[in-house]
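**Q** need a structure here:
(one chain, ligands or ions: 1)
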Amino acid sequence: MRKQVIAGNWKMNKTHREAEDFIQTAKNEVPSAEQVESIVVAPFPFLQKLVEETEGTSLKIGAQNMHFEENGAFTGEVSPVMLKELGVSHVVLGHSERREIFKETDEEVNKKVHAAFKHGLTPIICVGESLEQREANETMDVVEGQVKKALEGLTNEQCAETIIAYEPIWAIGTGRTATSEQANEVCTHIRKVVSDYVNADAADAVRIQYGGSVKPANVDELLSQSDIDGALVGGASLEADSFLKLVEAGKHE
Ligand SMILES: O=C(CO)COP(=O)(O)O
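**A** Predicted structure coming up:
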C-alpha cells in the first residue's frame, strides 16, 4: 500500500506574515506522517523560517524549483546545496509554469532530478499535456516522453523514490478538474511507463499525484482511484483550513 502524499504548492503567493499564520494553524493539525505525507511547497524567502517552525511536526517543507548546479555564476538562482542546508525535504521540478513561462526543457528537468537525489532532496516531477495536445490525442505520448526523460540515468531505487505529479495544463487554476477517470487513466499509464522503463518494483513503489483544480470537494473521489497516490494542489492549499481537509482526505485512502 502506497502512502498518499499531499503537497500544497503556494506558487508566488503570501506575505511572510500570512505564511507564518498558515504554518502556526496547520503544523500541529496535520495527521501523523505514518498516515499521510503532508508538504507545504513555499516560496524561497519563507523556507528557512517554515522549516524551523515545523521541526518535530509531521508537516514537511518543499521548494518550488532549483538550479541543477551546486554553485556558480547563475544570478538569481538557488542551488540544491542551499535547499538541503535549510532542511527542505522536497523540491517540485518541471512544473508546467516553469516549462511554459521560463522555458525549462526536459533535459534541464532531468539534470535537476539528478541534483536533487545527489543532495538528498525528494523530487516531485511534474508532467502533463496542454489542451491542444489532449485534443490531438497526444496525452499519453507527451506524458510518457516527459517521464522517461526526467528519469533518464537514475538508479532503479531512485526511480522508486521519485514522486511524479500528473498535472494536465488545462486543469491548472482553471477550475476545470480532470474527471477522476481521466486522471487515473493517465496515472495508470505513467505507472506502466515506469514499469517498462525501470522495473515492476519501481512502478509499484513510485507515488503518482494528480494536480489541477483539486479541492476539498473533489479530493476524495480523485484519491480513491487505483493509481492516484496523492495531490499537488495550488489554489486550494492557500488557506490552512482547506489544506487540512485535503491532507485529512489523504489519510483515508
Ligand atoms: O499547478 C498546480 C499545483 O502545482 C495546480 O494548481 P490549482 O490547484 O490552483 O489548479
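**Q** What helix or strand is R98 located in?
**A** R98 is located in helix 96-101, with elements delineated by DSSP states H and E.
**Q** what does the helix or strand just after that helix contact?
**A** Per DSSP H and E, the first helix or strand lying C-terminal to helix 96-101 is helix 106-118. Contact partners of helix 106-118, identified using Cβ atoms under 8 Å, 6 or more residues apart in numbering, comprise 66-70, 80, 91, 93-94, 99, 122-123, 125, 145-146, 149-154, 158, 161-162. (Glycine included, C-beta is placed from N, CA and C.)
**Q** buried stuff in the helix holding R98?
**A** Across helix 96-101, burial judged by 16 or more other Cβ atoms under 10 Å covers S96, E97, R98, R99.
**Q** Find the nearest non-adjacent residue to the first one, please.
**A** The one in question is S96. I169 (4.8 Å; Cβ to Cβ, 6 or more residues apart in numbering).
**Q** Could you do the second one as well?
**A** Spatial nearest neighbour of E97, excluding adjacent residues (Cβ to Cβ, 6+ apart): K11 at 7.4 Å.
**Q** Ok, the third one next?
**A** Counting by Cβ to Cβ, 6+ apart, the nearest residue to R98 once its immediate chain neighbours are dropped is E104, at 4.6 Å.
**Q** Surely that neighbour is in contact with V92?
**A** No. With contact defined as Cβ atoms under 8 Å, E104 does not reach V92; the gap is 11.7 Å.
**Q** before we move on, the earlier item: so which of the buried residues of helix 96-101 is the closest to D229?
**A** S96 (19.7 Å; Cβ to Cβ).
**Q** quick one: the closest one and L131 touch, right?
**A** No. Contact criterion Cβ under 8 Å: S96 and L131 do not qualify, at 11.7 Å.
**Q** joint contacts of these two?
**A** In contact with both S96 and L131: I169, using Cβ under 8 Å, 6+ apart.
**Q** which residues touch the residue lying closest to A236 once chain neighbours are set aside?
**A** In this structure, A236 finds its nearest non-sequential neighbour in K215, 4.1 Å apart by Cβ to Cβ, 6+ apart. Applying Cβ under 8 Å, 6+ apart, one finds that K215 lies in contact with V233, G235, A236, S242, L246.
**Q** Retrieve the pLDDT associated with the first one.
**A** The predicted local distance difference test score for V233 is 98.
**Q** partners of it in the sheet?
**A** With DSSP bridges applied, V233 shows beta-bridge pairing to G8.
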